[in-house]
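Asker: Sharing a model that was predicted from the sequence below.
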Amino acid sequence: MSGVRVLVGTSKGAFICTADGTRRDWNVEGPLFGGWEMYHLKGSSVDTDRLYASQSTGWHGQLIQRSDDGGRTWRAMGNDFAYDGATGTHQWYDGTPHPWEFARVWHLEPSLTDPDVVLAGVEDAGLFRTDDGGTSWRELPGLRTHGSGPKWQPGAGGMCLHTIIVSPADERRIFIAISAAGAFRSDDAGATWKPINKGLHSEGIPDEDAEVGHCVHRIALHPSRPDTLFMQKHWDVMRSDDAGDNWSEVSGNLPTDFGFAIDVHAHEPETVYVVPITSDAEHYPPEGKLRVYRSRTGGNEWEPLTKGLPQANCYVDVLRDAMAVDSLDDCGVYFGTTGGQVYASADGGDTWDAIVRDLPRVLSVEVQTLS
């Protein structure tokens, strides 16, 4: 029987939750790497035994962990990212007289066709690639040396490259998002980049046509429509139907258009999910009610999904990498909170159950569908 594996990264370790296709009974393993910040875990869609994880602390620096058996055993990879002896910094020797330092790996994106190929987004705003399963890494310098780079500014969480999407139609096309620089697209496998922020409007940027400087929180797309993108911005939920060249707002009747997470139903490319947060100062749900909102029309018309979620005195946040969907026939939707709960819906969001409670602060949630 098919099943799912939910990979949960937290501030104090990683957890792996598995269930069969009914998604009723869950086995929870962990904490793996207890006490370490496990910022992001993601599995290969080609080889479901292959998992990658970003592990870091301020004391011991950055490591990439890899598992070849579905998370039962792990080994540290990526000596290029190793701790350099200075607390909380990681040096990349890019050929210049002074090494470039970065804080952490925010996001790992395995190839859609090769389990040994992975892209890694880091803070401050750089992109790396491995072709040998994480043993060695090389920077794709075209992004960090983009002419708009001097205008990039860190968001509240740092100047992080937090979103990487490889187009299922053409792996040479890559979408990334940086807080607070905006969204970018490469059509040549990361050699060159184009800002794709036309139509975004951001408080504090007087130029309405500003090429960069926007605080993009997350981007998502459906594989069947690789040119249609959905974005959760610092404020505003946005949509593009031309691979990011132009954007329009689709916040519609949401109670607030601030949030971090956004995702698309596995089988319905016009069904989109967001989790509204009160404001950029108040990082908790409006009225203390945890509600996922779903649009079946690609935006503008949104309905609250509340069954099984706390509707009083709930003041958690849902971070940008903490929502995911599976690809089973009845699409499952998953998200984790800063209060340590991981929720699952086996019916596209109509009803919710907690897989596990009282974990450390959840930083990321990813899902593998298992055959």
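Answerer: Nice, thanks for sending it over.
Asker: Please count neighbours and contacts with C-alpha atoms only from this point.
Answerer: Will do.
Asker: which stretches of the stretch 101-250 of the chain form strands?
Answerer: Ranges of strands within the stretch 101-250 of the chain are 104-110, 118-123, 126-130, 138-139, 160-166, 174-179, 182-186, 194-195, 216-222, 225-233, 237-240, 248-249, based on DSSP state E, counting those that start in this stretch.
Asker: What lies in contact with the fifth one?
Answerer: Looking back up the chat, that one is strand 160-166. 106-109, 111-112, 119, 121-127, 154, 172-180, 218-220, 321 (Cα atoms under 8 Å, 6 or more residues apart in numbering).
Asker: what's near enough to touch the nearest residue in space to Asp47 that is not next to it in sequence?
Answerer: Distances taken as Cα to Cα, 6 or more residues apart in numbering place Pro115 nearest to Asp47, at 6.3 Å, with adjacent residues excluded. Contact partners of Pro115, counting by Cα under 8 Å, 6+ apart, are Ser44, Ser45, Val46, Asp47, Arg50, Gly133.
Asker: ok, the residue nearest to the fifth one when sequence neighbours are not counted - contacts?
Answerer: So that's Arg50. Closest residue to Arg50 apart from its sequence neighbours, by Cα to Cα, 6+ apart: Asp68 at 4.6 Å. Counting by Cα under 8 Å, 6+ apart, Asp68 touches Asp49, Arg50, Leu51, Trp74.
Asker: And the residues you listed, which is closest to Asp329?
Answerer: Closest approach to Asp329 among the contacts of Asp68 (Cα to Cα): Asp49, at 21.6 Å.
Asker: number of nearby residues for the closest one?
Answerer: By the criterion of other Cα atoms under 10 Å, Asp49 has 17 neighbours.
Asker: next one: Asp47
Answerer: Residues near Asp47, counting by other Cα under 10 Å: 17.
Asker: Roughly how far does it sit from Pro223?
Answerer: Distance of Asp47 to Pro223, computed by Cα to Cα, to the nearest Å: 19 Å.
Asker: PyMOL command to pick out the buried ones of the contacts of strand 160-166?
Answerer: Buried subset of these, written as a PyMOL selection, criterion 16 or more other Cα atoms under 10 Å:
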select buried, resi 106+107+108+109+111+112+119+121+122+123+124+125+126+127+154+173+174+175+176+177+178+179+180+218+219+220+321
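Asker: Can you list the residue ranges for helices in the protein?
Answerer: Using DSSP state H, the helices of the chain run over 141-144.
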